[in-house]
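Engineer: Sequence and computational prediction follow.
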Amino acid sequence: MINHVPPSEHWDGRSSTPISSNASGSAAPPSTNPSGASAATSHTSSAGATSLGAGAFTVGTDIAPGRHVITAAEGQSGNFTICIAELPLANKILGGDLGVPTITATLVNGQTIHIGGISSVTFT
């Protein structure tokens, strides 16, 4: 049986188009975001580490804005959505056999993060 490892996903915080990486975590070539700047795809964070459970959270209040690598706790899987004005920018299954192992996203003040079915999600 072949195990499929889905690629990680990357969002630049301004568009709904993901910047994908391959299953080994190597980033795909950078894309251009709507401002014309190159969207980096490295696994680094410009904000401190935060852990959140299931619920709805506001960027700028509950979690710092900036670039985050987002990971579900070991053995957990569930829904992870980034919204702006209740419109989803990213909607993924995070963790587990069918989900992506990580999401790298640039979170912007005012966005809402919805976490469902996961008791601990780490933002680094």
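Structural biologist: Happy to help now that I have it.

Engineer: Name the residues linked to the closest residue to A90 other than its chain neighbours by a beta bridge.
Structural biologist: Nearest residue to A90, sequence neighbours excluded (CB to CB, 6 or more residues apart in numbering): I82, at 4.3 Å. C-beta coordinates here come from the backbone N, C-alpha and C atoms, glycine included. For I82, the beta-bridge partners are A90, I113 (DSSP bridges).

Engineer: If I follow the layout properly, I82 ends up in contact with T104?
Structural biologist: No - judged on CB atoms under 8 Å, I82 makes no contact with T104 at a distance of 11.6 Å.

Engineer: Of these two, which one has the most company?
Structural biologist: For I82 versus T104, neighbours defined as other CB atoms under 10 Å are more numerous around T104 (26 against 23).

Engineer: There's contact between the more buried one and T71 in this structure, I believe.
Structural biologist: No - T104 lies out of contact with T71 (CB under 8 Å); the separation is 10.0 Å.

Engineer: Could you tell me how many residues sit around the residue nearest to I84 when sequence neighbours are not counted?
Structural biologist: Distance criterion CB to CB, 6+ apart; nearest residue to I84, sequence neighbours excluded, is Q111 at 5.2 Å. When neighbours are counted by other CB under 10 Å, Q111 registers 21.

Engineer: I'd like to check which residues are in contact with Q111.
Structural biologist: 13, 58-59, 82-84, 89 (CB atoms under 8 Å, 6 or more residues apart in numbering).

Engineer: nearest to D97, of those?
Structural biologist: I82 (22.6 Å; CB to CB).

Engineer: Distance of that closest one relative to E74?
Structural biologist: 22 Å (CB to CB, to the nearest Å).

Engineer: Over to C83?
Structural biologist: Using CB to CB, C83 is found at 26 Å from E74.

Engineer: quick one: which of the two has more around it?
Structural biologist: C83 (16 against 7).

Engineer: wait, isn't the more buried one in contact with L89?
Structural biologist: Yes - between C83 and L89 there is a contact at 6.5 Å, judged by CB under 8 Å.
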